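Enquirer: Sequence first, then the predicted structure, then my questions.
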Amino acid sequence: MTEVARPHTNRTLLATISFVVSVCLALVAMNAWLIWKARTTEFQQVTVSTTNLTRAVSHQMNAMFSEVGHVLDSLGYELERADITPDRMQQLQPVLVNQVATIDQVHGLFVYDATGRWIAHSEPTAYPNANNSDRAYFIHHRDNISKRWHVGAPILSRSTKVWVIPVSRRIDDADGRFAGVVLATVRLDYVLRLMGDFDIGRHGAIALIQDDGTIMARLPFAQEDMGKSIDGSPLYAILRAQRVGTTETRSPVDGVQRLVSFQHLQDHPLLMAVAVAEDDLLQDWKTSSILQSGWILALCVLIGVAGSRIVALVRLRWRTELSLHQAHHELERVNAQLAELARNDGLTGLANRRHFDQQFDLAFRQSVRHDRPLALIMIDVDFFKRYNDVYGHPEGDCCLQQVAQAIRAAVRRPGDFVARYGGEEMAVLLPDTDDAGATIVAETIRKAVLALDIPHEGHALGRVSISAGIAARSASGSETTSVDLLKRADRALYAAKAAGRNSVAMLQPTEEAADIGER
């Protein structure tokens, strides 16, 4: 493919892909907007329905409890006007029975004296030793002077063993002191049946809740939910903050995500909550959304297939060239890795001997050509053979690695060169450096290695050290080849080792040195 054809091919390919993608994205975006709009509309419709349903249930519950409260007010008024005597209570018995028979929701009517003893009731059986002074509603009226009706949490009737909701009122004597309680028990099954007349969906819920968060009655019914409190839940915080409202939240009772409409009863410290499960209210929306999305997806697939045919034809023209181009780059990368491996020592990460020879020869020729100084430091790890004998070769390799890193850290100039010369020997090449500068660098290296504090039992110091030999070619120096400079650095290294090791030595070109001691 020519350089002229390639831009044209790329433009054709990009234009085709852009067109196909743009059409598909437009279809998907339009579908998403329609789905979201349908969901919003569905929620609005259900919100209106549940709000109306909550209002209807609230009015019905308010009327039911108000009817019971009026009965209690009538009984309380009569009891406070007359003396509470056994004969009077005997006369009251049929009245209580008649009231229970007349009002469907009432399970029983009871009158207790100031000690909690039963003095009148609608039960067919007498309970001479019955006492309800331990009940929460009795304690409430005994300690509270208000004569307002009190609707308590559901309790299990001691006489009939059925769940009831207590509605009670305080009775005072002529002096205004506590004289007892008149109680009406509302059948829980009646309340549940009343709530069950409203359709709330398969996973919906409807609940009568006290203002303190106690559940009075709930559908779906579970006995363990009776008297359970939702205080502390996010839903309860919303219920307390508003008298009427709708919210979307997770149920603190069963964990189902629902749309909840609620309203506080007008005359009682109670509230009704009607909740429709999102799975129920969104079922039809989900079905239509899936079908609609399926059609959009199928249309996008058709458009994509048509566009892909054009794209395939364009790609076919430059795919081979692209593969060759990638293969060329991969070959260059592999060659670069091989070149790196050929230059570096695998153990220490320093340059290897072959690379050093190349760099040394080049640096020496540049020194001669430009009449610039050049210094060479030859370094040897003291008594390294003994170190291997004592600690083993793996530890010896680790020691060389640490020494190499210390040398590299001590040689800071970008143009300086550090290499592993062979075995435990290393070399440092310092362009544009005279003998004084080289001595400073060599001493810095010696101290850096000594500071590693690597234990060495075969060394009099007790730790690893190095010896260094320095040879520096001055401007207009006498060395004619790099080999001469290398030999002088090597003889200086021998001198440093002969001087007791852990030292730095330097020989001038005029000095003669014999081979000395063990390397």
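Expert: Cool, the structure landed. Since the structure is predicted, the reported quantities are computational estimates derived from the model, not experimental observations. Numbers count the residues shown, from 1 in each chain.

Enquirer: in this protein, which ranges drop under the pLDDT threshold?
Expert: In the predicted model, the chain carries pLDDT under 70 at residues 1-10, 318, 334-341, 475-480, 509-519.

Enquirer: The longest helix seen in it: what's the following helix or strand?
Expert: Identified as the longest helix of the chain according to DSSP state H is helix 5-81. Sequence-wise, the next helix or strand downstream of helix 5-81 (DSSP states H and E) is helix 86-102.

Enquirer: quick one: the next helix or strand after that following helix to chain centroid distance?
Expert: Sequence-wise, the next helix or strand downstream of helix 86-102 (DSSP H and E) is strand 106-113. The chain centre lies 57 Å from the centre of strand 106-113; the measure is Cα atoms, centre = their mean, to the nearest Å.

Enquirer: quick one: strands adjacent to strand 106-113?
Expert: strand 118-121 (antiparallel), strand 178-187 (antiparallel) (DSSP bridges).

Enquirer: Give me whichever of the ones you listed is most buried.
Expert: strand 178-187 (a mean of 24; mean count of other Cβ atoms under 10 Å). The C-beta positions use only the backbone N, C-alpha and C, and glycine is treated the same way.

Enquirer: who's in contact with that one?
Expert: For strand 178-187, contacts defined as Cβ atoms under 8 Å, 6 or more residues apart in numbering pick out 64-65, 68, 71-72, 75-76, 79-80, 84, 105-114, 119, 132, 137-138, 141-142, 157, 162, 164-173.

Enquirer: follow-up on the earlier one: for the strands paired with strand 106-113, give me JSON lines that also has distance to residue 353.
Expert: Formatted as JSON lines, the strands paired with strand 106-113 follow (distance: least, Cβ to Cβ, whole Å):
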{"stretch": "strand 118-121", "distance to residue 353": "111"}
{"stretch": "strand 178-187", "distance to residue 353": "102"}
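
Enquirer: and of those strands, who's closest to residue 497?
Expert: strand 178-187 (107.8 Å; Cβ to Cβ).

Enquirer: May I have the helix or strand following that closest one as PDB, with CA atoms only?
Expert: Downstream of strand 178-187, the first helix or strand assigned by DSSP H and E is helix 188-196. Taking C-alpha atoms only, helix 188-196 is exported to PDB below (Å, rounded to 0.1, in the frame of the first residue of the first chain):
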ATOM      1  CA  LEU A 188     -56.000  -8.000  65.300                       C
ATOM      2  CA  ASP A 189     -57.500 -10.400  62.800                       C
ATOM      3  CA  TYR A 190     -60.200  -7.800  62.100                       C
ATOM      4  CA  VAL A 191     -57.500  -5.100  61.400                       C
ATOM      5  CA  LEU A 192     -55.600  -7.500  59.200                       C
ATOM      6  CA  ARG A 193     -58.800  -8.500  57.300                       C
ATOM      7  CA  LEU A 194     -59.600  -4.800  56.800                       C
ATOM      8  CA  MET A 195     -56.100  -4.200  55.400                       C
ATOM      9  CA  GLY A 196     -56.300  -7.300  53.300                       C
END
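
Enquirer: Contacts only, for the closest residue to residue 31 other than its chain neighbours.
Expert: With Cβ to Cβ, 6 or more residues apart in numbering as the criterion, residue 31 has its nearest non-adjacent residue at 4.5 Å, and that residue is residue 296. Residue 296 is in contact with 27-28, 31, counting by Cβ under 8 Å, 6+ apart.

Enquirer: and what of residue 160?
Expert: Going by Cβ under 8 Å, 6+ apart, residue 160 touches 107-108.

Enquirer: how far away is it from residue 93?
Expert: 17 Å (Cβ to Cβ, to the nearest Å).

Enquirer: Could you give the number of residues near the nearest residue to residue 56 once chain neighbours are set aside?
Expert: Nearest in space to residue 56, with sequence neighbours left out and distances taken as Cβ to Cβ, 6+ apart, is residue 198 at 7.7 Å. By the measure other Cβ atoms under 10 Å, the count of residues near residue 198 is 15.

Enquirer: Can you classify residue 198 by secondary structure?
Expert: Applying DSSP: H, G, I helix; E, B strand; the rest coil to residue 198 yields a three-state assignment of coil.

Enquirer: Run a quick check on it versus residue 53, I expect a contact.
Expert: Yes. Counting by Cβ atoms under 8 Å, residue 53 is a contact partner of residue 198 at 5.8 Å.

Enquirer: And stretch 390-402, what's buried?
Expert: Within stretch 390-402, the residues that count as buried by 16 or more other Cβ atoms under 10 Å are 391, 396, 399-400.

Enquirer: can you give me the strands for the stretch 301-450 of the chain?
Expert: Counting by DSSP state E, counting those that start in this stretch, the stretch 301-450 of the chain has these strands, from start to end: 374-381, 417-422, 425-431.

Enquirer: any chance of those strands in JSON lines, plus distance to residue 100 and mean neighbour count?
Expert: JSON lines is the format used below for the strands of the stretch 301-450 of the chain (distance: least, Cβ to Cβ, whole Å; neighbours: other Cβ atoms under 10 Å):
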{"stretch": "strand 374-381", "distance to residue 100": "108", "mean neighbour count": "26"}
{"stretch": "strand 417-422", "distance to residue 100": "106", "mean neighbour count": "21"}
{"stretch": "strand 425-431", "distance to residue 100": "108", "mean neighbour count": "24"}
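
Enquirer: Serialize those strands to TSV and add fields for distance to residue 496.
Expert: Converted to TSV, those look like this (distance: least, Cβ to Cβ, whole Å):
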stretch	distance to residue 496
strand 374-381	8
strand 417-422	15
strand 425-431	13
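
Enquirer: Which of those strands sits closest to residue 358?
Expert: Going by Cβ to Cβ, the one of those nearest residue 358 is strand 417-422, 10.1 Å.

Enquirer: Report the distance from that closest one to the chain centre.
Expert: Taking Cα atoms, centre = their mean, one finds the center of strand 417-422 at 50 Å from the center of the full chain.

Enquirer: got it, and stretch 279-287?
Expert: Distance, stretch centre to chain centre, for stretch 279-287: 30 Å (Cα atoms, centre = their mean).

Enquirer: picking up where we left off before, for residue 198 and residue 53, list the residues in contact with both.
Expert: Taking Cβ under 8 Å, 6+ apart as the contact rule, the neighbours common to residue 198 and residue 53 are residue 274.

Enquirer: Identify the residues contacting the closest residue to residue 292 other than its chain neighbours.
Expert: Distances taken as Cβ to Cβ, 6+ apart place residue 31 nearest to residue 292, at 6.3 Å, with adjacent residues excluded. Counting by Cβ under 8 Å, 6+ apart, residue 31 makes contact with 292-293, 296.
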